[in-house]
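Participant: predicted model, plus sequence, below.
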Amino acid sequence: MSGTLIGYARCSTDAQDLTAQRDRLSELGVVEERIYLDRGLTGTKRQRPGLDQALAAVRAGDTLVVPKLDRLARSVPDARAIGDDLAGRGIKLSLGGQVYDPHDPMGKMFFNILATFAEFEVDLLRMRTREGMAVARAKGRLRGRQPKLSAKQRTELRRMHANGEYTIADLGELFGVSRPTIYRTLQRDNTHAARDDTAMNG
């Protein structure tokens with residue numbers, strides 16, 4: 001590959017490690033000071049400062065080196081926009097060591113095919129995630145946000161408030177919850193009580 005090699009790597013979360021990607025870029029001939037990184041940014045977010053710096057660093061005759069296409073772009077439109085930008089500036093793209101010349105019809109075709117598959121994989125992952133959450137919810141594993149007070153505590157809180165012996169601040173301190181939680185609990189219980197009275201009288 002002629003010209004300068006500029007590397008780019010990305011991970012979706014701060015907890016993920018970029019070591020493997022950086023090692024792969026080094027194996028492909030990219031020196032450490034020419035590797036640009038993005039941490040905690042998904043590929044679907046186009047605003048990636050590390051990528052912007054890498055794209056700004058490459059010049060005509062250089063090669064942008066990325067471990068895999070899904071590190072560069074996660075949608076076909078995004079991949080094509082980046083590819084067209086590189087082609088217009090006379091820059092080649094290396095994906096895991098395979099160089100794609102955007103001026104070559106075959107290279108352009110393979111690049112578009114890879115971009116399509118990358119987007120398909122992301123959509124498939126999203127679908128599986130939604131399906132998994134639906135199954136977990138159906139089995140009662142995802143119950144949503146649970147109330148801070150148990151049913152017995154809410155009953156006792158309501159009784160103490162009705163007796164007028166305690167203020168809202170007193171109740172919050174006794175039950176270890178905030179004033180807004182006390183208000184919401186009383187409002188919720190009063191609403192339920194009103195519904196029960198309506199049902200009995202009806």
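Facilitator: Ah, there it is. Residues are numbered from 1 along each chain as shown.
Participant: what packs against the biggest strand by length in the chain?
Facilitator: Using DSSP state E, we find that the single longest strand of the chain is strand 5-10. Secondary-structure packing of strand 5-10 (3 or more C-beta pairs under 8 Å, 6 or more residues apart in numbering; DSSP states H and E): helix 19-27, strand 35-38, helix 49-57, strand 63-66, helix 69-72. Backbone N, C-alpha and C define where each C-beta goes, glycine included.
Participant: was I right to think D101 contacts S94?
Facilitator: No: counting by C-beta atoms under 8 Å, S94 is not a contact partner of D101; they are 10.3 Å apart.
Participant: neighbour-wise, which of those two wins?
Facilitator: More crowded of D101 and S94, by other C-beta atoms under 10 Å: S94, with 21 against 16.
Participant: surely G96 meets P67?
Facilitator: Yes: between G96 and P67 there is a contact under C-beta under 8 Å: 5.7 Å.
Participant: overlap of the contact sets of these two?
Facilitator: R24 (C-beta atoms under 8 Å, 6 or more residues apart in numbering).
Participant: higher neighbour count, those two?
Facilitator: The residue with more neighbours, out of G96 and P67, is P67; 24 against 13, by other C-beta under 10 Å.
Participant: wait, what's in contact with that one?
Facilitator: A9, Q21, R24, L25, L95, G96.
Participant: apply 6 Å and report the result again.
Facilitator: P67 makes contacts with Q21, R24, G96, as judged by C-beta atoms under 6 Å, 6 or more residues apart in numbering.
Participant: and it, how far is that from T19?
Facilitator: P67 sits 12 Å away from T19 when distances are taken as C-beta to C-beta, to the nearest Å.
Participant: name the element I182 belongs to?
Facilitator: If you go by DSSP states H and E, I182 is part of helix 179-201.
Participant: let's test this: mean pLDDT of that helix, rounded?
Facilitator: The average pLDDT for helix 179-201 rounds to 64.
Participant: cool, stretch 77-87 as well?
Facilitator: Mean pLDDT, computed over stretch 77-87, is 81.
Participant: buried stuff in it?
Facilitator: D78, A79, R80, I82, G83, L86, A87 (16 or more other C-beta atoms under 10 Å).
Participant: give the next helix or strand downstream of the one helix or strand M127 maps to.
Facilitator: M127 belongs to helix 105-138 when elements are defined using DSSP H and E. As assigned by DSSP H and E, the chain's next helix or strand after helix 105-138 is helix 151-163.
Participant: who are the packing partners of that next one?
Facilitator: Where contact means 3 or more C-beta pairs under 6 Å, 6 or more residues apart in numbering; DSSP states H and E, helix 151-163 is packed against helix 179-201.
Participant: please consider this matter closed, and thank you.
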